[in-house]
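S.K.: quick one, structure for this:
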Amino acid sequence: MAPSAITETVPSTLVVKGGKESVATHGAEAVKEEKEPTPLEAISHGIVMPGIPTFPSYTSHRRHTLVHMAATFRFFARSGFTEGQSGHISVRDPEHPGLMWMNPLGRHFGMLRAGDMICLDIATGRVAGGNTSRPANAAGYLIHSAVHRRRGGDVHAVCHAHTQAGRAWSVFARPLDMLSQDVCSFHGQAQAVYAQYGGIVFGAEEGERIADALGPRGKGVILMNHGLLTVGATVDEAGFMFGLLDRSCDVQLRVEAAVAASGGALRKNIISDEEAAYNFRMASEANVLYREAQPDIEYELEAAGGEEALARGFESLQPLVL
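M.R.: Model prediction:
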């Protein structure tokens, strides 16, 4: 249950001239709000886990971002989120916020490295640098650029793919119920449904409608007859939230099937709005979601042979042209 304020009997504090404090105990009850720990402090027993890192230069920040982008793609591959040439991740450049990095069209997620990524101008789609030997995904550009333009203040990464559970649940054009502690990271306005289908996105209007559906506070949107899309302050967050959204679709499908098979003998117990809101507040903060992604990111780095293996080609990327 969400913790409440602690009521204590405390002495009142008087501030006098000269900035000194004198304490007078009047025997009155005063309410003292216990300082709530940050989400990372709350989950860490002992040493507090570090949050989103900082970097000494834009180059080191860009390298870290593209390495973690490649690791996120490999996590997608391991999770079975591939479907031919479909699916894409974009990340805003840390130095030039009008540019975004995307994966090349037609290269398997499980093979991607930092040196494969293409840099595009968000406003125009112009190739601004990076790996210029392969094309980007045109439909992907239209979707991602619309979201980046609309959410420039808080969204720096966007993930989209056509997953099994995501596509299956999307046909109902319904939001997910708060069936588990984990899915509460999509509580309230953090979850959206785009209840239209406009075909393969070859026009800017469809990307704008998807951005409309996501709204100003959405972290994930279920795209009817299409798939899933998530956003985040980091590619780590967006990637973790994508996996969570897909697994939550799978859980919902299993629960609905069990209820139907029971002929009404089973009923769903849904987490209350109060508890779901508390879970959301403590589990969906950007630093916590960055940390949530690290076990999978570190696994992919280890499986690939270390960070240097996924950074391969970074030094050879074409310079950015503004």
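S.K.: which stretches of the stretch 151-300 of the chain form helices?
M.R.: 164-170, 204-214, 235-261, 273-283, 286-304 (DSSP state H, counting those that start in this stretch).
S.K.: what's the spacing between G199 and M224?
M.R.: Distance, G199 to M224, by CB to CB, to the nearest Å: 12 Å. Heads up, the C-betas are built off the backbone N, CA and C, glycines and all.
S.K.: contact partners for L253?
M.R.: When contacts are counted by CB atoms under 8 Å, 6 or more residues apart in numbering, L253 touches 165, 168-169.
S.K.: again but with R209, I slipped
M.R.: Counting by CB under 8 Å, 6+ apart, R209 makes contact with 194, 196, 198.
S.K.: and the first one, how many residues sit next to it?
M.R.: Put plainly, it is Y194. When neighbours are defined as other CB atoms under 10 Å, Y194 has 22 of them.
S.K.: how close does it get to E274?
M.R.: Y194 sits 28 Å away from E274, going by CB to CB.
S.K.: still on that earlier bit, list only buried entries from the contacts of L253.
M.R.: 165, 169 (16 or more other CB atoms under 10 Å).
S.K.: the contacts of L253 into JSON lines, with extra columns for distance to N287?
M.R.: Formatted as JSON lines, those follow (distance: CB to CB, whole Å):
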{"residue": "A165", "distance to N287": "28"}
{"residue": "A168", "distance to N287": "32"}
{"residue": "W169", "distance to N287": "29"}
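S.K.: quick check: of the contacts of L253, which lies closest to V251?
M.R.: V251 has its nearest neighbour among those in A165, at 8.5 Å by CB to CB.
S.K.: can I get the helices of the stretch 151-300 of the chain in TSV with distance to E83 and mean pLDDT?
M.R.: Converted to TSV, the helices of the stretch 151-300 of the chain look like this (distance: least, CB to CB, whole Å; pLDDT from 0 to 100):
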stretch	distance to E83	mean pLDDT
helix 164-170	9	98
helix 204-214	18	95
helix 235-261	13	98
helix 273-283	29	96
helix 286-304	20	98
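S.K.: in TSV, list these along with distance to S133.
M.R.: Shown next, in TSV, are the helices of the stretch 151-300 of the chain (distance: least, CB to CB, whole Å):
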stretch	distance to S133
helix 164-170	31
helix 204-214	26
helix 235-261	22
helix 273-283	41
helix 286-304	21
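S.K.: show me which of G199 and M224 is the more surrounded one.
M.R.: Per other CB under 10 Å, whichever of G199 and M224 has more neighbours is M224, with 19 against 10.
S.K.: for the more buried one, which non-adjacent residue is spatially closest?
M.R.: Excluding the flanking residues, the one nearest M224 by CB to CB, 6 or more residues apart in numbering is A173, at 4.4 Å.
S.K.: could you do F280 as well?
M.R.: Closest residue to F280 apart from its sequence neighbours, by CB to CB, 6+ apart: H187 at 4.1 Å.
S.K.: quick check, that neighbour in contact with A276.
M.R.: Yes - using CB atoms under 8 Å, H187 is in contact with A276, at 4.4 Å.
S.K.: shared neighbours of these two, anything?
M.R.: M178.
S.K.: surely F240 meets R291?
M.R.: No - the pair F240 / R291 is not scored as a contact, 9.2 Å apart, by CB under 8 Å.
S.K.: tell me the SS of C119?
M.R.: Following DSSP: H, G, I helix; E, B strand; the rest coil, C119 is assigned to strand.
S.K.: residue nearest the centroid of the protein?
M.R.: Closest residue to the average C-alpha location of the chain: A238 at 2.4 Å, with CA atoms, centre = their mean.
S.K.: in contact with that one, which residues?
M.R.: Taking CB under 8 Å, 6+ apart, we find A238 in contact with 72, 89, 157-159, 230-232.
S.K.: wait, which of the residues you listed is closest to R62?
M.R.: Minimum distance to R62 across the contacts of A238 is 13.3 Å, recorded for A157 (CB to CB).
S.K.: that closest one and A213: what is the separation?
M.R.: A157 is 18 Å from A213, where distance means CB to CB.
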